[in-house]
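> Next comes the sequence, and after it the predicted model I'd like to discuss.
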Amino acid sequence: MTEHSGNHHIMPLKIYLGVFLALMVLTILTVWVAFYDLGFLNVFVAVTIACVKAYIVLLYFMHLRYNARILWLTAAAGFIWFVLLTAFTVSDVLTRGWLPPPEAW
Amino acid sequence: MAETETSHPDHLAHHFDSVEQQRESASFGMWLFIAQEIMFFGGLFLGYIVYRIKYPMAFATGSNLLSIEWGAFNTAVLIGSSLTMALAVRAAQTGNNRLIIRWILATMLLGSVFLGVKVVEYKDKYDHQLVAGPMFEFDADYVLEREAVPAVYADDIDVHDPQFGSNVHLFYSFYFVMTGMHALHMIIGIGVMIWLLVKAYRKRFGPDYYSPVEMTGLYWHFVDIVWIFLFPMLYLMGRH
Amino acid sequence: MDIGIPLFPEQASDLARDVDMLFFFLIAVSMFFVFLIGALLIYFIVKFRRRSNADRPDATRSHAGLEIAWTVIPLILTMIMFVWGAVLFFKQSRPPSDAMEILVVGKQWMWKIQHPTGHTEINELHVPLGQPVKLNMTSEDVIHSFYVPAFRVKMDVLPGRYTTAWFTPNRTGRFHLFCAEYCGTEHSKMVGSVNVLTPVEYERWLAGEVGDTPADTPVEAGRRLFTQLGCATCHHPDAGALGPDLAGVFGSEVTLADGRTVVADEDYLRQSILDPRATLVDGYEPIMPTFRGLVNEQQLMQLISYIKSLGDAGETGEGM
Amino acid sequence: MESGDTKRKHYLNIENTPQSWLLTLDHKRIGILYLVTILLFFFLGGVAAVLFRLELLTPDAHLVEHETYNRLFTMHGVTMIFFFLIPSIPAVLGNFLLPIMIGARDMAFPRINLASWYVFTAGGLFGLAAIVFGGVDTGWTFYTPYSSTYANSNVILAALGIFIAGFASIMTGLNFIVTIHKMRAPGLTWFRLPLFIWGQYATAIIMILGTPVIAITVLLVGIERLFGVGIFDPAIGGDPLLFQHLFWFYSHPAVYIMILPGMGVISEVIACFSRKRIFGYHVVAFSSLAIAILGFFVWGHHMFVSSQSMYAGMIFSILSFLVAIPSAIKVFNWTATLYKGSISLDTPMLYALGFIGLFTIGGLTGLFLATMAINIHVHDTYFVVAHFHYVMVGGMLMAFLGGIHFWWPKMFGRMYPEAWGRFAAIVIFVGFNLTFFPQFILGYLGMPRRYHVYPEEFQVLNVMSTAGASILGAGYLMVFVYLVWSLFKGRRSVSNPWCAAGLEWRVSSPPPQHNFKKAPVVDRDAYDYTDEDVYKSDYDSGGTSDG
């Protein structure tokens, strides 16, 4: 009952600094890439970089990497629910103007 | 009470059996809170996405009127504050009270810098009558002068079309609500840190008990993550 | 059997019969389950009441076969309902190509209706028997909903957008028209009636309507607006025209400047008039000004009616 | 140990200063605080219902003006849904019972639990202020652009009230999930949990993932009205359907917030009064989770005639049918539980049986609404009104009353009068059906909801409905009166008056302050009624003499 400190993970300073540098590099990358027109990839690249950054923060700053699976599941549930909310709503927005299927139906 | 027979430290609430159970409960609770925060901001992001799909040109134009320099600077500041917050948690884990205080102060400072920059940005929008609401006044000449219309759309857009201005208004509605809600979360975070500082001065934290620092850290990192998404969505997309 | 209480709404359109068929199917399924559950409950309560000497050997805790049965059977039944309902829904969303088009504008708290002949009515709609009618609807303020129970037709009416509904009345008479979406203080007064007349009576009604000459037909009014607003200076069939020729454009596929291909339906035309550059047709310069504020909702509908009249009427509705 | 021992200390009498109630961290007292608060809102919502049912006696306006009528049904909807039904079972019975049922001394976060009641009350005060300062006339659905631009009533206050009360709901859900995960007694594995706990767990998931969305949505409506910041305003290109998506993303699952805990109560009651384990325990448990998760993705069936894309509509329609399956499975399993049981028809059981019947009707009529072609006709008519009252009142309220009666002796240590209880249950059942069954017919006839004046031919059915409502109201009043009476005069209850399984029956009635002196060890499945003798003796666990 008193011997519980084994369970919290104390990460070395080096990892924190490395994570910080990685986040800065990604920030510069996303700003730099924004000035190039990549067509439909524009949004894709920006969101992907943001996701990678968020993922790094989750893993290291927020210690998810060393935590129980249930916490993973909780974070994932929030994110997945948001994606589903968006997917269903956008599916309406994108297909609203479509005509009904042809007469054969 | 009967429970005190066994070793029951002060910071262990009566209804928990062990410090470990209490700590795990706290962090699970915090993650559930973060899950609900995702959905809270999720509603805003959804609105933004829907309108961005409907009015890509107006949103790109509105976005280009924002200052990418300030936005990038603020991103760096906020990531830096996440680092200092993580270090504060680490200091609590290793029981270094002096460092806890120092890193929390650093985090608060960086957070305040971020908010200060936000004020500068809001002021700029105020000067150009871009603040969403009744005083919003779309100035086509300003848009042309700033060359805010993305080159690829330049031929397709009539900046003098009132509807176009309205849709830019919509962009600014979202800009202000989203960044405002984010800033509000930061202010709350800074408020919580004041409470942490008081506790830290009283030397309440140590390797056995640092949940409040850890939880505040989780909250702060989450606020950072929201900005990590807000920055490209509001400032970067449609920049070219 | 008349007991003084209405129990079932009138059927006054072909679709009403189809909807009711499906409704009866659902009623039958529901009755079956309500009586099944009810009978089982009562039987068990009586048989296994605490004081009874019913045989109670070790009761089973669960039974995989039963669980599967009462999962799969409802699943099959509901999927039948889904397919039937969806197919009928598509039918309800597909107006026949020979439908008479009537313009409906909802506002707090009245229905403004204009016939193809130009007759306007408020809170009244006269239609001829057996003639498919398509309603093009929009709202000037909040969301309303056009609802005629006897036709089993309901569609929300939104500001800034067009929605459509259609029906073919198959019984003469006077039927309720309701606003079904709560729209403010006098929501329950936003009612009217649909009068289905025989074609002869309908002609008579058209002729004798309130004595004065009917206003222009929407097409006529639209033609006049088209000239007044100077649309024809750019939209003409000659070579070198600054805008695309609009004859036959309705219902056709249009390639836009940004590469998208869209069907030129009412909403597209509406958007092209209000926000021309968002829907610029490939190969043209973005020089058309917006007409937002210059035309009101009714005039917009008239303009669109005119543009539609330029194409071959038989082609409308077959966009795909 | 003896129930007659008045000196025994329990959670109610241990301390009785105002602070000891207002600053209590005891989950049981917080449950009672919630009970009192939501009853106030139930009363308000009920008064509104009485007034507009009286108004609907005649086709014309004879009692109130349009403005008043619209404010009445809005007040009824807002208070009943946000301030009564959503917190009813979770915040009252859930708070009171959940820790005891899993053998814990309290919720994981007692302070957050208390804070949730304060937040809820604060939200409620905003709601009250909205009513006092002239009311709200948007309907509980707050559809834009009416609510954001056109309505000139206290939309902002009401929106703030809902926004704030939402956080109470989130706090409750968060507390439930952590408590269920982390605080279970030794030996109490997931599949030994009572189904009430499964129901609360599923509910808590919806509270956490759904509530924030309504919070931000109503907040946006408030911001739009307050600052003129256009978010949904069609004049600057706003999309009215966006509001509907956001609104129903919460408000449809909210229906499951309102019914899932009720289903949990029914499982407890049926098991106890037929002396049997719930048939197909695992299936019933998982069906709660299935409802919670699937229920999130059916919201578009509220929008079939809203000009939503018909292809999105198809997806929502098929998912709506799928979510009906787990509900059906529950009904079948409850019915099968009765088979070879030893059934006694005490008051809670009458409510549970009423629940099964009414919920079956409510659920089946839900299929009509999921069917796209029929939905067109019945959408926004009294058919919908009848349907959700069958689920909400016939379902949730019956379950709430059943649960209140079932656990009344546990909560207050007194028995309610059984004969009155049964009589009131029957009165409520009859009154309910008379009120709402005619509304199905009215709806299919085409009477739109929220109509102040209506065509004459609908009058007979409306009169029937109002007559039923008076019977229903009398039934509720009867329950209220004899329950309050029983607080003072009721027969004292033993620890386990129903000989029920479950840890809550192993502490004395009312429970001691910290529930258990020593955490109980669980060595058997839930509803283990095979070993009858265990429950017949009136015994307490070690937790009786806390003081």
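Yep, it's here.

> all helices of chain B, in order?
B:19-54, B:56-64, B:68-94, B:97-127, B:140-145, B:162-201, B:211-230 (DSSP state H).

> On the three-state scheme, residue C:286 is what?
coil (DSSP: H, G, I helix; E, B strand; the rest coil).

> Got the confidence number for it?
pLDDT for residue C:286: 74.

> who's in contact with it?
B:155-158, C:257, C:276-277, C:280 (C-beta atoms under 8 Å, 6 or more residues apart in numbering or on different chains). The C-beta positions use only the backbone N, C-alpha and C, and glycine is treated the same way.

> just the residues you listed now: which is nearest residue B:125?
Distances from residue B:125 to those, taken as C-beta to C-beta, are shortest for residue B:157 (20.6 Å).

> What's the biggest helix in chain A, counting residues?
Chain A, longest helix under DSSP H: helix A:69-95.

> How many residues are close by whatever residue of the stretch 351-500 of chain D ends up closest to chain A?
Closest approach of the stretch 351-500 of chain D to chain A (C-beta to the nearest C-beta) occurs at residue D:372, with a separation of 11.8 Å. Neighbour count for residue D:372, taken as other C-beta atoms under 10 Å in any protein chain shown: 29.

> which residue packs closest to it, ignoring adjacent ones?
Nearest residue to residue D:372 in three dimensions, chain neighbours excluded: residue C:89, at 3.8 Å (C-beta to C-beta, 6 or more residues apart in numbering or on different chains).

> what's the neighbour count on the one you found?
Neighbours of residue C:89 (other C-beta under 10 Å): 24.

> which residues sit in contact with it?
Per C-beta under 8 Å, 6+ apart, neighbours of residue C:89: D:304, D:310, D:313, D:372-373, D:376.

> rerun that using 10 Å as the cut-off
A:100, A:105, C:19, D:304, D:310, D:313-314, D:317, D:371-376 (C-beta atoms under 10 Å, 6 or more residues apart in numbering or on different chains).

> Among the residues you listed, which one lies nearest to residue B:117?
residue D:313 (45.2 Å).

> what helix or strand is that closest one on?
helix D:310-338 (DSSP states H and E).

> That helix vs helix A:69-95, what angle?
140 degrees (axes from the mean of the first three to the mean of the last three C-alpha atoms, to 10 degrees).

> Run the contact check for helix D:310-338 versus chain A.
Yes: Helix D:310-338 reaches chain A (C-beta under 10 Å from any C-beta of the partner chain) through D:310-316, D:319.

> quick one: average pLDDT of that helix?
pLDDT averaged over helix D:310-338 gives 95.

> How much space separates the closest residue to residue D:312 other than its chain neighbours from chain C?
Of all residues not flanking residue D:312 in the chain, residue A:92 sits nearest, at 3.8 Å (C-beta to C-beta, 6+ apart). Distance from residue A:92 to chain C, counting by C-beta to the nearest C-beta, to the nearest Å: 13 Å.

> Was I right to think residue A:92 contacts residue D:303?
Yes: with contact defined as C-beta atoms under 10 Å, residue A:92 reaches residue D:303; the gap is 8.0 Å.

> Now for these two: what residues contact both?
Common neighbours of residue A:92 and residue D:303 (C-beta under 10 Å, 6+ apart) are D:241, D:244-245, D:309, D:312-313, D:316.

> residue ranges for the helices of the stretch 1-150 of chain C, please.
C:14-47, C:64-92 (DSSP state H, counting those that start in this stretch).

> Just the buried residues from the contacts of residue C:286, in PyMOL please.
Selection of buried members from the contacts of residue C:286 for PyMOL, criterion 16 or more other C-beta atoms under 10 Å in any protein chain shown:
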select buried, (chain B and resi 156+157+158) or (chain C and resi 257+276+277+280)
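
> check the contacts of residue C:286 against chain A, which are close?
Counting by C-beta under 10 Å from any C-beta, no member of the contacts of residue C:286 is near chain A.

> could I get the contacts of residue C:286 as JSON lines with pLDDT and distance to residue D:505?
Output for those, formatted as JSON lines (pLDDT from 0 to 100; distance: C-beta to C-beta, whole Å):
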{"residue": "B:155", "pLDDT": "74", "distance to residue D:505": "77"}
{"residue": "B:156", "pLDDT": "75", "distance to residue D:505": "72"}
{"residue": "B:157", "pLDDT": "78", "distance to residue D:505": "72"}
{"residue": "B:158", "pLDDT": "79", "distance to residue D:505": "74"}
{"residue": "C:257", "pLDDT": "77", "distance to residue D:505": "74"}
{"residue": "C:276", "pLDDT": "78", "distance to residue D:505": "74"}
{"residue": "C:277", "pLDDT": "73", "distance to residue D:505": "72"}
{"residue": "C:280", "pLDDT": "79", "distance to residue D:505": "74"}
